[in-house]
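*Asks:* below are the sequence and a predicted model for it; my questions follow.
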Amino acid sequence: MTLGRLFIITIMTVLAGLAFPASNASGSAPSRPSIRFVQQGKIKYLYLRDVASYYGMRYAVSGKTATVASAYSRLLFTLDSRSMTLNGVRVHLAFAISRRGKDYLLSINDFQLLLDPILRPAALPRRTIRKIVLDPGHGGKDVGAVADGTLEKTINLQVATRLAAKLRQRGYTVVTTRKSDTPVSLSQRVESTSKWGADLFISLHCNSAEASVSGLEIFSATWHGTPPTGDLVPAKERCPANAFDRENSYLSFTTQKALLDATKASDRGIKRRRFSVIRDITCPGMLVEMGFLSNNTERQLLKQANRQDAIAKAIADAVDKFRTTLAPPPAR
Ligand SMILES: [Zn+2]
């Protein structure tokens, strides 16, 4: 067994290459708690108890559950599981929680690219969010999901139209990849981000599955070297959207939380896949699955103006939060 060689490193090493707040950039930075890591197979894991102390949070294990908590945040991890909850929102990890002796382990990928951006968004790179591309999925002959005469392309466009109006009211410049029931290729959708110099891309879709399934989920691009949600085969290549992995985690989490609060729909979590519209974009972005047309209750809700408006408002609120968090310091 070559597993389990233990290294002690400092958090500065773990986070090498990531931005830190200016206040920590001086030579006299206070010493930080160190985070130990351990290699298991091809995956590098961090000791979860060390991650907790890095954030000044409590760490406790009971049965198969590890809790990391402070006055503001509560993270629940389950041994051998790729699903966790953060402040009540379901978050899908790239790698399952592992163990060394009695200690629970979190992959370094999930720490750097998923949890740290959500718990410490002040460390995200500064970026102005002004131009937004809204992408109502499908259109023309491509109707998307269909259930009981309701077409996905129609709901996507209706919500996008409401969202565009709200964002413009709040001062954003908005372009939609289609304004009516017209076909748009996937490459046209993606190219709109670079052609136009977009700061943010949001694709809107509705889901379909067996009738009992319902709820909301949000996708961003799978990170390099990690498996997508629901799969075990790691993505071998980098994709353009990987330049924004940390921003995308914060954006997805913030949006999912706002949508759940607004709709009380069931929570299918924030996920990663490489759909072309979230893989090849040249700005932060996400694909929002607003609910299941195949579920009778959810389909009826998605057709209603007040549900569409609640979804649009929740996404606009999340975009505002994203803009404020990432805003560059005012010019002096
Ligand atoms: Zn769709």
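*Replies:* Yes, it's here.
*Asks:* got the residues of the protein near the ion?
*Replies:* 137, 144, 205 (Cβ under 5 Å from the ion). Bear in mind the C-beta positions are built from the backbone N, C-alpha and C, glycine included.
*Asks:* so which of those belong to strands?
*Replies:* Those of the residues of the chain next to the ion mapping onto strands are His205, per DSSP state E.
*Asks:* where neighbours are concerned, which of the residues of the chain next to the ion has the most?
*Replies:* The member of the residues of the chain next to the ion that has the most neighbours, counting by other Cβ atoms under 10 Å, is Gly137 with 28 neighbours.
*Asks:* which residue sits closest to that residue, ignoring its sequence neighbours?
*Replies:* Nearest residue to Gly137, sequence neighbours excluded (Cβ to Cβ, 6 or more residues apart in numbering): His205, at 4.1 Å.
*Asks:* ok, that neighbour - contacts?
*Replies:* Neighbour list for His205: 137-138, 144, 152, 156, 287-290 [criterion: Cβ atoms under 8 Å, 6 or more residues apart in numbering].
*Asks:* what's the pLDDT at it?
*Replies:* pLDDT recorded at His205 is 98.
*Asks:* could I get the residues of the chain next to the ion as CSV with distance to Thr254?
*Replies:* Below are these laid out as CSV (distance: Cβ to Cβ, whole Å):
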residue, distance to Thr254
Gly137, 21
Gly144, 26
His205, 19
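*Asks:* got the phi/psi numbers for Asp320?
*Replies:* The phi and psi values for Asp320, taken as degrees, to the nearest 10, are phi -60, psi -40.
*Asks:* residue contacts, it?
*Replies:* Counted by Cβ under 8 Å, 6+ apart, Asp320 has contacts Arg170.
*Asks:* I'd like to know how far the closest residue to the ion within the stretch 151-300 of the chain sits from Leu326.
*Replies:* Scanning the stretch 151-300 of the chain for the residue nearest the ion gives His205, at 3.5 Å (criterion: Cβ to the ion). His205 sits 25 Å away from Leu326, going by Cβ to Cβ, to the nearest Å.
*Asks:* now swap in Arg299 and tell me
*Replies:* The span separating Arg299 from Leu326 equals 35 Å under the rule Cβ to Cβ.
*Asks:* ditto for Gln256
*Replies:* In this view, Gln256 and Leu326 are 18 Å apart by Cβ to Cβ.
*Asks:* more neighbours, the two?
*Replies:* Comparing Gln256 with Leu326 by neighbour count (other Cβ under 10 Å), the higher total belongs to Gln256, at 25 against 21.
*Asks:* that one reaches Arg268, doesn't it?
*Replies:* No - at 9.0 Å, Gln256 does not count as touching Arg268 under the criterion of Cβ atoms under 8 Å.
*Asks:* need the helices for the stretch 1-150 of the chain, in chain order.
*Replies:* For the stretch 1-150 of the chain, applying DSSP state H, counting those that start in this stretch gives helices covering 11-14, 48-54, 108-110, 116-119.
*Asks:* state the number of residues packed around the nearest residue to Leu204 once chain neighbours are set aside.
*Replies:* Excluding its sequence neighbours, the residue lying closest to Leu204 (Cβ to Cβ, 6+ apart) is Asn156, at 4.7 Å. Around Asn156 there are 26 other residues, counting by other Cβ under 10 Å.
*Asks:* then Asn156 would be within a helix, right?
*Replies:* Yes - residue state for Asn156 (DSSP: H, G, I helix; E, B strand; the rest coil) corresponds to a helix.
*Asks:* how close does it sit to Lys64?
*Replies:* Asn156 is 39 Å from Lys64, by Cβ to Cβ.
*Asks:* residues contacting the residue nearest to Gly56 when sequence neighbours are not counted?
*Replies:* Nearest non-adjacent residue to Gly56, counting by Cβ to Cβ, 6+ apart: Ser70, 6.6 Å away. Contacts for Ser70 (Cβ under 8 Å, 6+ apart) come out as 55-58.
*Asks:* sorry, back to before: out of the helices of the stretch 1-150 of the chain, which gets the lowest mean score?
*Replies:* Mean pLDDT is lowest for helix 11-14 among these, at a mean of 40.
*Asks:* wait, Ala66 sits on Leu48?
*Replies:* Yes - assessed by Cβ under 8 Å, Ala66 is found in contact with Leu48 at 5.7 Å.
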